[in-house]
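*Asks:* here is a sequence with its predicted model. Questions after.
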Amino acid sequence: MTTQERFARRRKKLEEKLTRLDLQEARTLQREQAHDEQIARDLAGVPGHFAHGLNFYKLFWVFFLCCFLGVVIETIFCWIASGRLSQRTGLVWGPFNLIYGIGAVLLTVCLHPFIGKSDRWIFIGGSIIGGAFEYFCSWLQETVLGTVLFALAAAAIVEKYRTVRGAALLPARVLECRRASSTSNSRGAGGYRYLVELYANGQRLELETNDAFWFRHDKDKGKVLQVWYNPNARCVERKSWETEFFAAVLAVIGAALLAVSFIPFLLPADREGGGLVVGVRA
């Protein structure tokens, strides 16, 4: 037997062995695929499997955990911001707030079809759904309870207007940044304000500014500010672009809401038949 024949026989054996290995690999992959498909079919009808699909058990635990975690996170945040522990629960019994649970379930159900998509879709969908849910809660509060949270913003504008009206713009030096005391008109959202020193009518005065800082601003100690001083007010209004911009934004939002509320009364209406139909006659 020549060398060429030996190499040809060895090549033939290697090709046969490679063919058997390819067939064995194909059968193994087919068995694994069939096994995975069987597991998927078995899990599809099992309601107790938490991480698969949407089912009552998953939604219940999402609702329960988020009702509790929302209260914990809000309590810690308000504690750090204001320095005071306050009760943030929404129920009489238990540390739970239903708003967080309902919002989490709503986001879970509505965003479930976006599985596998980019984070951009999750962000946009969550923003739209969260905003719509917040607007619905505000509408429900206004309809059922007759209260409007936007009135708090209007009250802040009124308070600033009452302080600035008839006031004099004076220089003041920051003594410290401390928690708002009971002598101020309101404690604000965060609870920290400037204590400033100013001179008015030949007298030295120490008054708090009408601010609401989340944290202490000790670095501003000794800084000279421009404040609006009104003898009839218990605090002074700090002159800054932040407060002016905030007041302007709130005023624009308030005017827009009033305009939207009065638009139906300004449009032509057909009151025949006991109903109100807004439109234009043909």
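*Replies:* Received the coordinates, thanks. Residues are numbered from 1 along each chain as shown.

*Asks:* quick check: longest strand of the protein.
*Replies:* The residue-count maximum for a strand in the chain (DSSP state E) belongs to strand 168-179.

*Asks:* counting contacts, what elements does that strand pack onto?
*Replies:* On a contact count with 3 or more C-beta pairs under 8 Å, 6 or more residues apart in numbering; DSSP states H and E, strand 168-179 meets strand 192-200, strand 224-229. Quick note: C-beta positions are derived from backbone N, CA and C, even for glycine.

*Asks:* neighbouring contacts of it?
*Replies:* 83, 191-200, 206, 213, 216-218, 220-230, 236, 239 (C-beta atoms under 8 Å, 6 or more residues apart in numbering).

*Asks:* what's the PyMOL line that selects buried ones from those?
*Replies:* Selection of the buried residues among those in PyMOL, burial being defined by 16 or more other C-beta atoms under 10 Å:
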select buried, resi 191+192+193+194+195+196+198+213+217+225+227+228+229+230+236+239
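
*Asks:* output the below-cut-off pLDDT ranges for the stretch 51-200 of the chain.
*Replies:* 51-53, 82, 142, 145-163, 180-191 (pLDDT under 70).

*Asks:* rerun at 80
*Replies:* 51-55, 78, 81-88, 90-92, 115-118, 138-166, 178-192 (pLDDT under 80).

*Asks:* most centrally placed residue in this protein?
*Replies:* residue 130 (7.7 Å; C-alpha atoms, centre = their mean).

*Asks:* next, the contact list for it, please.
*Replies:* Contacts of residue 130 by C-beta under 8 Å, 6+ apart are 103, 107.

*Asks:* with the one 3 residues further on instead?
*Replies:* The contact partners of residue 133, by C-beta under 8 Å, 6+ apart, come to 102, 103, 106.

*Asks:* the second one: neighbour count?
*Replies:* Neighbour count for residue 103, taken as other C-beta atoms under 10 Å: 20.

*Asks:* which residue packs closest to it, ignoring adjacent ones?
*Replies:* residue 133 (5.6 Å; C-beta to C-beta, 6 or more residues apart in numbering).

*Asks:* now do the SS call for the one you found.
*Replies:* Here residue 133 is helix, with the state taken from DSSP: H, G, I helix; E, B strand; the rest coil.

*Asks:* burial count for the nearest residue to residue 217 once chain neighbours are set aside?
*Replies:* Using C-beta to C-beta, 6+ apart and skipping the chain neighbours, the partner closest in space to residue 217 is residue 177 (4.4 Å). By other C-beta under 10 Å, 19 other residues sit near residue 177.

*Asks:* quick check: beta-bridge partners of residue 177?
*Replies:* Beta-bridge partners of residue 177, counted by DSSP bridges, are residue 194.

*Asks:* going forward, count from 718.
*Replies:* Sure thing, new numbering starts at 718, so read that last one as residue 894.

*Asks:* so how far is residue 784 from it?
*Replies:* 36 Å (C-beta to C-beta, to the nearest Å).

*Asks:* returning to that earlier point: distance to residue 805 added to the helices and strands packed on strand 885-896, as a markdown table?
*Replies:* What follows is the helices and strands packed on strand 885-896, written out as a markdown table (distance: least, C-beta to C-beta, whole Å):
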| stretch | distance to residue 805 |
| --- | --- |
| strand 909-917 | 20 |
| strand 941-946 | 34 |
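
*Asks:* returning to what we had before: alpha carbons of the longest strand of the chain, as CSV, please.
*Replies:* This file holds the C-alpha atoms of strand 885-896, laid out as CSV (Å, rounded to 0.1, in the frame of the first residue of the first chain):
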residue,chain,number,x,y,z
ALA,A,885,-37.9,98.3,50.6
LEU,A,886,-34.9,96.7,48.9
LEU,A,887,-32.1,96.6,51.5
PRO,A,888,-28.7,94.9,51.8
ALA,A,889,-28.5,92.1,54.4
ARG,A,890,-25.7,89.9,55.7
VAL,A,891,-26.2,86.1,56.1
LEU,A,892,-25.6,85.1,59.7
GLU,A,893,-26.4,81.4,59.3
CYS,A,894,-28.5,78.9,57.5
ARG,A,895,-30.9,77.2,60.0
ARG,A,896,-34.2,75.5,60.3
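
*Asks:* chain center to it: distance?
*Replies:* 33 Å (C-alpha atoms, centre = their mean, to the nearest Å).

*Asks:* with stretch 940-948 instead?
*Replies:* How far stretch 940-948 lies from its chain's middle: 34 Å, per C-alpha atoms, centre = their mean.
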